[in-house]
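Asker: What follows is a predicted protein model with its sequence.
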Amino acid sequence: MKPPRAPDWLVYLAVVAGLLVLAIGIPWRKPTPERTAGQPLAPASLFDPAIWVSVPPPGPGAGTAFSVADGGVWLTARHVVEGCARTVIVTAPGHGVAARVLLAPGRETAILFTHGGAPALPIAPNEVLRRGQKAFQPGFPAARPGEAASELTRRARLWLGGRALRTEPVLTFAETSRSPDIRGTLAGLSGAPVLDAQGRVLGVMVAEAPRRRRIYATTPSSVRAALAEAKVTPSEAVGEAVTATTWRSVSDSLRARLSVAEVECLGS
């Protein structure tokens, strides 16, 4: 004779009770603490997250460039000037000087040469970079004076598609503020300097993720390597300190003396 079958509710109750006993007896591990601001970034590696960006075909457009040597040497993002028939550094509305373009091999950086130049920005040394480190991007978003402020979050590996597939280690910054008249994308800030709190160039802004408010820039070591390959000695000038209250006025000052200038691609 078979024993009477237990009611379903009693079976469910027993299962729940057993799970509770197991849960109470298991020594729960504390969750791994998140990395906090101030911690140094690890060196670049192949395990850094990949960021994919599609580079538009070459054609007329504008971006930002900045002076790195007083004799007329500038840096900008490669995709701003690649394939341009003529490249011009804008010195005033309707006026500019022609620039010769040198694309840094294997890098998302371009070096521009002009006859005569502007006060140069110093390049940051290859020192330890830290999470939460403040950064500032002055330039010409939407072909108008403007700037953004951000914080360093991590390293990444940028993959750029378009005329040719390229990859380069980059720094990722989370945007924290911007000029009040900038809406949507930061287009036009491509090629802008990413400045640290001492007014030194951490990198060249080369891409953004508008929805996530992320800014991607080359590293200080990449900037120095590109200049060394072009046999350009970077400026030893002292940068102008930048703070959360002065970053806009400092940006205006850099544009006024053409240390940061608009660059135009005229035809392709």
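Answerer: Structure received. Given the structure is predicted, the values throughout are model-derived calculations rather than measurements.

Asker: model confidence over stretch 74-91, on average?
Answerer: Mean pLDDT, computed over stretch 74-91, is 94.

Asker: before we move on, what about stretch 134-142?
Answerer: Mean predicted confidence for stretch 134-142 is 95.

Asker: contacts for that stretch?
Answerer: With contacts defined as Cβ atoms under 8 Å, 6 or more residues apart in numbering, stretch 134-142 is touched by 62-64, 146-152, 173, 179, 182, 185-189, 191-197, 202, 205, 215, 242, 244, 247, 250-251, 254-255, 260, 262. Where C-beta positions appear, they are placed from N, C-alpha and C, glycine not excepted.

Asker: which residues touch residue 208?
Answerer: 185-186, 189, 214-216.

Asker: now those residues: which count as buried?
Answerer: The neighbour count (16 or more other Cβ atoms under 10 Å) marks 186, 189, 214-216 as buried among the contacts of residue 208.

Asker: out of those residues, which are inside helices?
Answerer: Using DSSP state H, no member of the buried ones among the contacts of residue 208 falls in helices.

Asker: quick revisit: take the contacts of residue 208 and write them to JSON lines, including distance to residue 103 and pLDDT.
Answerer: JSON lines is the format used below for the contacts of residue 208 (distance: Cβ to Cβ, whole Å; pLDDT from 0 to 100):
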{"residue": "185", "distance to residue 103": "24", "pLDDT": "89"}
{"residue": "186", "distance to residue 103": "23", "pLDDT": "92"}
{"residue": "189", "distance to residue 103": "20", "pLDDT": "95"}
{"residue": "214", "distance to residue 103": "25", "pLDDT": "94"}
{"residue": "215", "distance to residue 103": "22", "pLDDT": "95"}
{"residue": "216", "distance to residue 103": "19", "pLDDT": "96"}
